[in-house]
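> Only the shape, not the letters, is given here:
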């Protein structure tokens, strides 16, 4: 009897072959050797259990939620069905679950609840680093809620109750007064359309309701061009009082429980950061309390900005880490020309080079966190934080878009479609370089510290001196930088990007030398500081530790 082959079997075309399995769910902490080493090296080994608990969540449930939250962007509901003004922003349930997971696990409050323990901010940095890999948009309100504490503490009579709710491990996304919630989120509104980073030109006016002064109630009339996270329970904003630019805490609901006069004009249609809402708003007599001294609003809110800049560095390092993980995972399971991609010599160079860059970014981000953590009790660390935060934000954030593009290319066409997480990461990659002061602002901030704060300059070079003898190329670069800074001329501002870039790479080299892995530290210093590297990724010398770097990136 003849075998009969059906027409369907004969023309079967959709056998799936040579495609990688899904990466998630996976443990984003247990598989991250550089993160685990940084946590211990920078003083937060005592918090490993807390951080490790978030690893499977960040690589599992939160990763899936991030996909959903970005597929369903927030929507402005300016009015209810009866025509009443509500100015609500509606989110997909995945957004609220992401916020709940992050806040309950300490992304906003862990450092402040453990502030008396050395390394608390380092541990919290690790939690943010894990969460950011799963979703970047929610990380904006999480960062601002974490960062608001020093500014609010400038007004103890007002800030005490707000700080307690901001650091509470509880999320409540309902549109109700802040005082009725167990925990609050805090946003920020600094920039206006005529000023951008030049906030001293802000035109929003603040008029006292009763007695003027710190802690008192004012009416605000004006606008904000970027009002970050408009659904937050309150925002720290800048406005012009009679004494000059001042800082105010503007609640979403007025003190009497009615909706405050903050009118959301539109939500920004952004390149990335889709799960988060950013708005343009008008203040039509919105009520707000002054925070800090009248006329000193910039100094007050910059305490918040310093921490958000730290998180820009952490976030970019985190995004690079996730892009690297996606690339290595793909290369291990995809075959071309008879071998797995990860076995192809040129792809090994690309992956190892990306892994080296990611390690350096992570090491510097956590060194920034350690300096911030130690600032209240160590003058040298405080001076270092003043300059290294700006250096780290500039350099790590600048490297992120190029890194994401190269990681995406490792997946070829698969990386260019929305089914791949790489497309979202690539859209997101430029944001941290822009947010909280773009690259030029960071470079000017570094120059200001070098000129006006000799203790910051010396702390920077002391950081390089600590590892003297660990790598000859790094030693030479440190000496060259010291000479260059000492010989500052009138053209230094024009050349400041190159100067800050060199500082960033030197600090990364110092972090890796201190980490104790000689092969990796040498590979970084030789390639980034010694000229043994091209312009693109994948141009390491043939003697670089390819296998070790790839294995550390994502243990097989």
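In hand now; what should we look at? What you see is a predicted model, and the numbers here were worked out from it, not measured in a lab. Residues are numbered from 1 along each chain as shown.
> So which residue is smack in the middle of this structure?
Nearest to the geometric centre of the chain sits residue 315, at 2.7 Å (CA atoms, centre = their mean).
> so that residue makes contact with residue 136?
Yes. The criterion here is CB atoms under 8 Å, and residue 315 meets it with residue 136 at 6.9 Å. In short, each C-beta sits where N, CA and C put it, glycine included.
> before we move on, which element is residue 221 in?
strand 217-228 (DSSP states H and E).
> wait, I meant residue 389
Using DSSP H and E, residue 389 falls in helix 379-410.
> helices or strands up against that helix?
Applying 3 or more CB pairs under 8 Å, 6 or more residues apart in numbering; DSSP states H and E, one finds that helix 379-410 contacts helix 297-333, helix 345-374, helix 421-428, helix 431-434, helix 439-452, helix 454-465, helix 496-515.
> Distance from the second one to the middle of the chain?
Helix 345-374 sits 14 Å away from the centroid of its parent chain (CA atoms, centre = their mean, to the nearest Å).
> cool, the third one as well?
Here the centre of mass of C-alpha atoms in helix 421-428, compared against the chain's by CA atoms, centre = their mean, lies 15 Å away.
> Check the shortest one too.
Averaged C-alpha coordinates place helix 431-434 at 9 Å from its chain's average position (CA atoms, centre = their mean).
> which secondary structure elements does that helix contact?
Counting by 3+ CB pairs under 8 Å, 6+ apart, helix 431-434 packs on helix 297-333, helix 379-410.
> Check which residues of the shortest one are buried.
It stands for helix 379-410. For helix 379-410, burial by neighbour count (16 or more other CB atoms under 10 Å) applies to 380-401, 403-410.
> tell me the angle of that helix relative to helix 439-452?
160 degrees (axes from the mean of the first three to the mean of the last three CA atoms, to 10 degrees).
> and if you look at the longest one?
Between the axes of helix 297-333 and helix 439-452, defined by the same axes, to 10 degrees, the angle is 120 degrees.
> angle of helix 297-333 against helix 496-515?
60 degrees.
> so what does the strand or helix carrying residue 187 touch, helix or strand wise?
Here residue 187, judged by DSSP H and E, is contained in strand 186-189. Using 3+ CB pairs under 8 Å, 6+ apart, the elements in contact with strand 186-189 are helix 139-147, strand 217-228, strand 234-241, helix 297-333.
> ok, now with 6 Å
helix 139-147, strand 217-228, strand 234-241 (3 or more CB pairs under 6 Å, 6 or more residues apart in numbering; DSSP states H and E).
> Let me know the secondary structure of residue 89.
Here residue 89 is recorded as strand under DSSP: H, G, I helix; E, B strand; the rest coil.
> separation between it and residue 129?
Separation of residue 89 from residue 129 (CB to CB, to the nearest Å) stands at 27 Å.
> Comparing the two, which residue is more hemmed in?
residue 129 (32 against 21; other CB atoms under 10 Å).
> May I have the phi/psi pair for that one?
Backbone geometry at residue 129, expressed as degrees, to the nearest 10, gives phi -60, psi -40.
> need the contact list for the closest residue to residue 435 other than its chain neighbours.
Nearest non-adjacent residue to residue 435, counting by CB to CB, 6 or more residues apart in numbering: residue 312, 5.9 Å away. Counting by CB atoms under 6 Å, 6 or more residues apart in numbering, residue 312 touches 393, 397, 432, 435-436.
> For the helix or strand residue 547 falls within, report the contacting residues that lie outside it.
Using DSSP H and E, residue 547 falls within helix 546-553. Contact with helix 546-553 is made by 33, 324, 328, 348, 351-352, 355-356, as judged by CB under 6 Å, 6+ apart.
> low-scoring stretches of the stretch 1-150 of the chain, by residue?
1-11 (pLDDT under 70).
> just the chain next, same as before
1-11, 211-214, 488.
> longest strand in it, by residue count?
strand 278-291 (DSSP state E).
> Go through that strand and flag the buried ones.
278-283, 286-291.
> sorry, back to before: what's the strand holding residue 221 in contact with?
Outside strand 217-228, the residues that touch it by CB under 6 Å, 6+ apart are 187-189, 191-193, 203-209, 239, 278-283, 285-289.
> now stretch 24-36
Under CB under 6 Å, 6+ apart, the answer for stretch 24-36 is 52, 55-56, 58-60, 63, 130, 133, 359, 362, 552, 554.
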